[in-house]
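[1] One predicted model, sequence on top.
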Amino acid sequence: MENSAKDDYKIQSFDAETQQLLKTALKEPASVDLEKVASVIVEQSLQDLVFSKEAGRICYTIVQVNNMPMMALVNPVYDCLMLLAQPESLQNEEEVDCLVLQLHRIGEQLQKMNSQRMDDLFCLLRDGFLLQDRPSSLSRLLLLEIIEFRAGGWKMSENAQKYYYSEVAD
């Protein structure tokens, strides 16, 4: 049953060798070059928005297997998040949603590994929130929510949660 969950990853767009590398990384991360894995994931994420959502799940799973240290993935993941935090990406609701989802999943761990890069990322998000060409209302709400989420120590107060999720439902 555990294997079927890991086989659900959408890695069919890769050649057979890369698919095998990713499958091995998901099962036994210590047995592969995680920098190579991270490079493959980031490269594909930049080319395929749909895969970028899957990339976060893959990285999260790799890190969780045997409590594998995340160090080899930190910089490539930050690079990908930094690209999603650029002004042109913040104009796209799907990209903002992907960015916020990944920060909810692994933001706290990333901050522990490199707090300066997280500070830099959130400066981009703050600036993006204040852009002249404003992102859509939903994107602005998501950006504000993730800024508040981090400011709250990667936790959301009950009142804030009611506010954000009642706004999205309206």
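    Yep, that arrived.
[2] Moving C-terminal from the helix or strand of the chain with the lowest mean pLDDT, which element do we reach first?
    Sorting the helices and strands of the chain by mean pLDDT, DSSP states H and E puts helix 2-6 at the bottom, at a mean of 41. Per DSSP states H and E, helix 2-6 leads on to helix 16-27 as the next helix or strand towards the C-terminus.
[3] starting at the chain centroid, how far to the top helix by length along the chain?
    The residue-count maximum for a helix in the chain (DSSP state H) belongs to helix 93-113. Averaging C-alpha positions (C-alpha atoms, centre = their mean, to the nearest Å) puts helix 93-113 4 Å from its chain's average.
[4] Can you list the buried residues in that helix?
    By 16 or more other C-beta atoms under 10 Å, the buried positions in helix 93-113 come out as 95-96, 98-104, 106-108, 110-111, 113. All C-beta atoms are positioned from the backbone trio N, CA, C, and that covers glycine.
[5] what's near enough to touch the most centrally placed residue in the chain?
    Residue closest to the average C-alpha location in the chain (C-alpha atoms, centre = their mean): Q102, at 2.7 Å. Going by C-beta atoms under 8 Å, 6 or more residues apart in numbering, Q102 touches G56, V77, L81.
[6] Who wins on neighbours among those residues?
    Most neighbours among those, by other C-beta atoms under 10 Å: V77, with 27 neighbours.
[7] What about E28, how many residues nearby?
    13.
[8] Quick check: pLDDT value at L142.
    Model confidence at L142, expressed as pLDDT, equals 91.
[9] I'd like the distance between it and M71.
    As defined by C-beta to C-beta, to the nearest Å, L142 lies at a distance of 28 Å from M71.
[10] Have a look at the two and say which one is more surrounded.
    Legend: neighbour count by other C-beta under 10 Å for L142 and M71, higher for L142 (24 against 12).
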